[in-house]
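# sequence and predicted structure below; questions after.
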Amino acid sequence: MKKLALVALLFSSLSLAQQAPAVDFAPHLKPVQQQRLSAPDGSAELLAELAKIDSFSARFQQQVFDDQQQLLQQGQGRLLLKKIAQFRFEGEEPEPVLLVSDGENLWFYNELLEQVSIYDAKAQVGQTAFALLTTTDPELWQQYQVIAQQEMFIIHPLDSNNPVQQLMLAFDEHGISEMTVIDINQQQSVFRFSDARLNPQIDDKQFQFTVPDGVDIDDQRQQ
């Protein structure tokens, strides 16, 4: 699985068979999606918000839109984050999908296909929004333009080839309340979080993965 496929998986991993009519899921985001503003650097404000998050757990609702704002897919699941670069993204509907990073290795497990792909987690930090949420490394964040606009942070990679072309984050007293990702194909994934807990105790075992017997393994770490 190539890098672009991995990023598409992270934010658009739901079944294309799950079709639905268009809805106005996050109308307040539309103006900021359509403009790349020249504005003062908001990195300090963003890093201050991220510094409050040592760990985070929440349920999520995900909806995926095409570049015409037509709803393609929807689903739900659970997200766990922990500094640094540890996360567990567990999609439950419309099909089971699991992404787990322990900070060194990143596993993508497709239960239905009985396949697991393994990546170098450190190499994927700059390409993976979930990992970005777990770090305040200034050197890493220098690779992004950050705009603070009202209660929203709008983030663009300086590298135009980054598969994630725009990331928008909103925060509340429970941590991250909403995240929107626009990929290089202008496909948009919106995550809304509920039952959120800021800085809960999370066992590191949640960020480890044992490959089940009989599963096909695609190890990308040496490539």
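Arrived safely. Small disclaimer: the values here were computed from a predicted structure and weren't measured.

# and A170, that one's in a helix?
No. Read with DSSP: H, G, I helix; E, B strand; the rest coil, A170 is strand and lies in no helix.

# for the spatially closest residue to it that is not a sequence neighbour, give me its contacts.
In this structure, A170 finds its nearest non-sequential neighbour in E178, 4.3 Å apart by C-beta to C-beta, 6 or more residues apart in numbering. In this view, the C-beta of every residue, glycine as well, is placed from N, C-alpha and C. Contact partners of E178, counting by C-beta atoms under 8 Å, 6 or more residues apart in numbering, are 26, 168-170, 190-193.

# let's see that with 10 Å instead.
26, 28-29, 60, 151-152, 168-172, 190-193 (C-beta atoms under 10 Å, 6 or more residues apart in numbering).

# filter those residues down to the buried ones, ChimeraX style.
Selection command for ChimeraX covering only the buried members of the contacts of E178, criterion 16 or more other C-beta atoms under 10 Å:
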select :26,29,60,152,168,169,170,171,190,191,192,193
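
# closest to Q143 out of the contacts of E178?
Comparing the contacts of E178 against Q143 with C-beta to C-beta places L169 closest, at 16.2 Å.

# hang on, that closest one packs against I176?
Yes. Counting by C-beta atoms under 10 Å, I176 is a contact partner of L169 at 6.4 Å.

# what sits in contact with each of those two?
Common neighbours of L169 and I176 (criterion: C-beta under 10 Å, 6+ apart): 49-50, 133.

# need those residues in a markdown table with neighbour count, distance to F65 and secondary structure, can you?
Below are the shared contacts of L169 and I176 laid out as a markdown table (neighbours: other C-beta atoms under 10 Å; distance: C-beta to C-beta, whole Å; DSSP: H, G, I helix; E, B strand; the rest coil):
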| residue | neighbour count | distance to F65 | secondary structure |
| --- | --- | --- | --- |
| E49 | 17 | 25 | helix |
| L50 | 20 | 26 | helix |
| L133 | 21 | 21 | coil |
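
# please produce a markdown table containing those residues, extended by distance to E95.
Formatted as a markdown table, those follow (distance: C-beta to C-beta, whole Å):
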| residue | distance to E95 |
| --- | --- |
| E49 | 33 |
| L50 | 31 |
| L133 | 24 |
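
# okay, who's weakest in these by pLDDT?
Across the shared contacts of L169 and I176, the bottom pLDDT score, 87, is held by L133.

# element containing Q166, please.
Using DSSP states H and E, Q166 sits in strand 164-172.

# that strand pairs with which strands, parallel or anti?
Paired neighbours of strand 164-172 in the sheet (DSSP bridges): strand 152-157 (antiparallel), strand 175-183 (antiparallel).
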